[in-house]
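**Q** got a structure for you, letters missing:
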């Protein structure tokens, strides 16, 4: 493990060796090491040992929020501005958005005017939208320019982040076409861009949700997608490497939401107290839900005292409905997130899941009936079996319909796998079981 | 919804309108529509209405396995080979890997020899490895070539999938450097590539796991990563659009594994019977686990009959430990998958999670003590509270340690959120609760 050997070198004070090792490492790997060091002092020491402003800037852009704040708090604002100057405008905007506001303003004021206005503009777009993740370093030319001019401009361009598409705009800066570098090389030099560009191009609105942006980039296999204002004016591009980050983040977010943990917590950075506070509401909801199940048991206490064997199957009934529901809801939530499930598929999926639940219910019920028979007596086993099938059908229905209803209402469907549905399933299962047990009390005695 | 309007046009037999609509649609969107149509006849009709072999080929490469098999079974092998000819070798290999083997061989035999050997080679690499997702259409030149030659070759190249990096090889075809298209344009034409290339480049071995490949592409922000054999020979590249697919698939896989549903199922394609069969093992494990909890309750039946109020808190104790564990294990499983958590972080994370669980345990316990007091009597509330804190600590410990232990053993950590741990947590919670209740039977009566 690189982290361990770096810590060892640090503690031995082997500065020369460390600096040599860091010189060979990729900025992203150095950033990863700094993020994982627990001592603030060690984080600082490693960052200071990185040689070269360009590399230091790259390391900075890959750090997490906490490390960025720490590292930048050691620098003079002018030095910080100097480190940032070669980064993409989206990276600079990200860095400035995680440090204290006053400090960000100080640094911004010390940057070149054209950079600072660009970045100030970027900072205005809300997080989670196309505008919030786009960069302003794209390569765009006027439609009347020739291939030769384009190549010349390309040779001079230094700050266009990664040039693989050349965007073409009209007099009003509206995006009208796109071409690839290779296309530029294969036409006579005097050809105007408008004659070779592809007019049929995909762009996104500046206020589009980043999840939808990433879905488009992924499904159309794009390297970058242009971002336009309402009037069609080209204002930025989103590159695929940022889309990769969005896809990972959104998957993480969905998983955590389903488990009742919160995104910020995934960084393992917040204090235990803060983490407990964000996770508690979900637990409390579950607590209240399970207390409701408990109240049901209390209501049926005479049945239970009469035939105490009933308690043997309470954990089964309480757990299994929720489990079956979780399978269905996970499939659907993930399908909705990846675009594999369309809202129009509702009924098809509903019937499929219900059928699967019914088949599995029969298998589990048979097993439970046999267990009940061998353990207590056959009628109790049958009551448990019938309750289970019913609970399966109810919870699958809820688990299938809820995410889709939530999505239609504009709510994130991932919450449907959360406490409300699971708890509702548990309560339903217990209610069915105890009701049936009370009705057939004479038979199961 | 596009799907709905296409279905409507199909049923009305409005072929001209349909063809016009399809002509305006992106191949990926057409493929999405075909995948979502439930009638085989409709799938066929839409595919037949797509005009142009290039576009039909692109649609084909974006279809799911079932639709590919269907659509290709209608075509003569020679027509199929014709459709495939302009696709990337990775796409062709994918398409041939999902259709019946005999048919794939027939089609392969009808392709150009250079293509078919390339693809036959690709098909040999196991699924899920770098070799299995790479394409052989990369652009590589000998290190002594000049910038001018490179540009000339680039103008002639037609099949290099997406050229954004130019790879440089030595006499033995070993990868020695890389340069960007832009670099090529900014040097004097006679400069040999070896003088301008970057020697410090990232490549992956042909047998590397695709998850690790995607992690590297993501963390180094690459557009493509070269794939080399053991001797350093360049054999292919993996482009970022395929990495995007891998990242989405792996996240889906982890989520489904955590919920006990299986990947193949996510396509909603397998029959209900087959789906039930893949989901059942997980349910059965849970069933057995919850029966063990039931047996515990049966063992303590005299305690329960003595103080029936005990049943009121069984659902709480059974559910809450598992819930707290799920929060911890989800964080850690996702952290391990994204590289945010390193195996060396074990103890740090363990203590953090334990502390959070303890804090949340205190909050929940206080609430339960009050509820117990108001509902039954204060001592029962206290027994429940103490049981809950203990259950929280036990299940968080298991949920934190298990994924890391599994990962070290080379097992996918996502299974740790599955039935074994959850069930073990439930049983532990109930055992603690009933033991304490029996010990303090006199007080809680």
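**A** Structure received. Because the structure is a prediction, the values reported are computed rather than measured.
**Q** worst-scoring helix or strand of chain A, pLDDT-wise?
**A** Least confident helix or strand of chain A, by mean pLDDT, DSSP states H and E, is helix A:181-185 with a mean of 78.
**Q** give me the domain ranges for chain A.
**A** A:2-133, A:140-250, A:263-444 (automatic domain parsing).
**Q** and the least confident helix or strand of chain A, what does it pack onto?
**A** helix A:147-156, helix B:147-156, helix B:181-185 (3 or more C-beta pairs under 8 Å, 6 or more residues apart in numbering or on different chains; DSSP states H and E). All C-beta atoms are positioned from the backbone trio N, CA, C, and that covers glycine.
**Q** out of the ones you listed, which one sits most buried?
**A** helix B:181-185 (a mean of 19; mean count of other C-beta atoms under 10 Å in any protein chain shown).
**Q** any idea which of the domains of chain A is most buried?
**A** domain A:263-444 (a mean of 20).
**Q** just name whatever secondary elements the helix or strand where residue A:286 lies is in contact with.
**A** Using DSSP states H and E, residue A:286 maps to helix A:272-299. When contacts are defined as 3+ C-beta pairs under 8 Å, 6+ apart, helix A:272-299 packs onto helix A:419-439, helix B:314-338, helix B:346-375.
**Q** what do you get if the cut-off is 10 Å, keeping everything else the same?
**A** In terms of contacts (3 or more C-beta pairs under 10 Å, 6 or more residues apart in numbering or on different chains; DSSP states H and E), helix A:272-299 is packed against helix A:240-259, helix A:301-306, helix A:314-338, helix A:419-439, helix B:314-338, helix B:346-375, helix B:378-408.
**Q** pLDDT of it, averaged?
**A** Mean per-residue pLDDT for helix A:272-299: 87.
**Q** then stretch A:44-60?
**A** Stretch A:44-60 comes out at a mean pLDDT of 91.
**Q** same check on stretch A:126-139?
**A** Average pLDDT, stretch A:126-139: 89.
**Q** if I pick residue A:184, what's in contact with it?
**A** Applying C-beta atoms under 10 Å, 6 or more residues apart in numbering or on different chains to residue A:184 gives the contacts A:146-148, A:150-151, A:154, A:166, A:191, A:193, A:196, B:181, B:185.
**Q** could you do residue A:186 as well?
**A** Applying C-beta under 10 Å, 6+ apart, the residues contacting residue A:186 are A:147, A:180, A:196, B:154-158.
**Q** so which other helices or strands are in contact with the helix or strand harbouring residue A:68?
**A** For residue A:68, the host element (DSSP H and E) is helix A:65-73. Judged by 3+ C-beta pairs under 10 Å, 6+ apart, helix A:65-73 is in contact with helix A:27-36, helix A:40-49, helix A:53-62, helix A:77-84, helix A:89-98, helix A:101-109.
**Q** next, the angle from it to helix A:53-62.
**A** 140 degrees (axes from the mean of the first three to the mean of the last three C-alpha atoms, to 10 degrees).
**Q** how much space separates the residue nearest the centre of chain A from chain B?
**A** The geometric centre of chain A, computed from its C-alpha atoms, lies nearest to residue A:250 (C-alpha atoms, centre = their mean), at 1.5 Å. From residue A:250 across to chain B, the span is 9 Å (C-beta to the nearest C-beta, to the nearest Å).
**Q** what sits closest to that residue if chain neighbours are left out?
**A** residue A:211 (5.3 Å; C-beta to C-beta, 6 or more residues apart in numbering or on different chains).
**Q** surely that neighbour meets residue A:337?
**A** Yes - in this structure residue A:211 lies within contact range of residue A:337 using C-beta atoms under 10 Å: 7.6 Å.
**Q** now the common contact residues for those two.
**A** A:247, A:250, A:253-254, A:412.
**Q** from these, pick the one nearest chain B.
**A** Chain B has its nearest neighbour among the shared contacts of residue A:211 and residue A:337 in residue A:247, at 5.6 Å by C-beta to the nearest C-beta.
**Q** who touches that closest one in this structure?
**A** A:210-211, A:214-215, A:217-218, A:240, A:337-338, B:218, B:243-245, B:247-248, B:251 are the contacts of residue A:247 under C-beta under 10 Å, 6+ apart.
**Q** if we can go back for a sec, for the helix holding residue A:68, give me every contacting residue.
**A** Contacts for helix A:65-73 (C-beta under 10 Å, 6+ apart): A:31, A:34-37, A:40, A:43-44, A:46-48, A:56, A:59-63, A:79-80, A:83-84, A:94-100, A:103-104, A:107, A:264, A:267, A:269-270.
**Q** these two touch, right, residue A:251 and residue B:251?
**A** Yes - counting by C-beta under 10 Å, residue A:251 does reach residue B:251; the two are 3.6 Å apart.
**Q** which residues do the two both contact?
**A** Joint contacts of residue A:251 and residue B:251 (C-beta under 10 Å, 6+ apart) are A:334, A:337-338, B:334, B:337-338.
**Q** pipe those residues into CSV and attach pLDDT and distance to residue A:202 per row.
**A** Below are the shared contacts of residue A:251 and residue B:251 laid out as CSV (pLDDT from 0 to 100; distance: C-beta to C-beta, whole Å):
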residue, pLDDT, distance to residue A:202
A:334, 83, 25
A:337, 81, 20
A:338, 78, 19
B:334, 84, 31
B:337, 81, 30
B:338, 78, 28
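**Q** identify, from these, the entry nearest to residue A:425.
**A** The nearest member of the shared contacts of residue A:251 and residue B:251 to residue A:425, counting by C-beta to C-beta, is residue A:334 at 19.1 Å.
**Q** my guess is the closest one contacts residue A:341. True?
**A** Yes - using C-beta under 10 Å as the test, residue A:334 is close enough to residue A:341 to be in contact (8.3 Å).
**Q** how much space separates residue A:91 from residue B:116?
**A** Separation of residue A:91 from residue B:116 (C-beta to C-beta, to the nearest Å): 45 Å.
**Q** over to residue A:176?
**A** For residue A:176 relative to residue B:116 (C-beta to C-beta), the value is 41 Å.
**Q** the closest residue to residue A:109 other than its chain neighbours: which element?
**A** Residue nearest to residue A:109 in three dimensions, not counting chain neighbours: residue A:116, with 7.0 Å by C-beta to C-beta, 6+ apart. Using DSSP H and E, residue A:116 maps to helix A:113-124.
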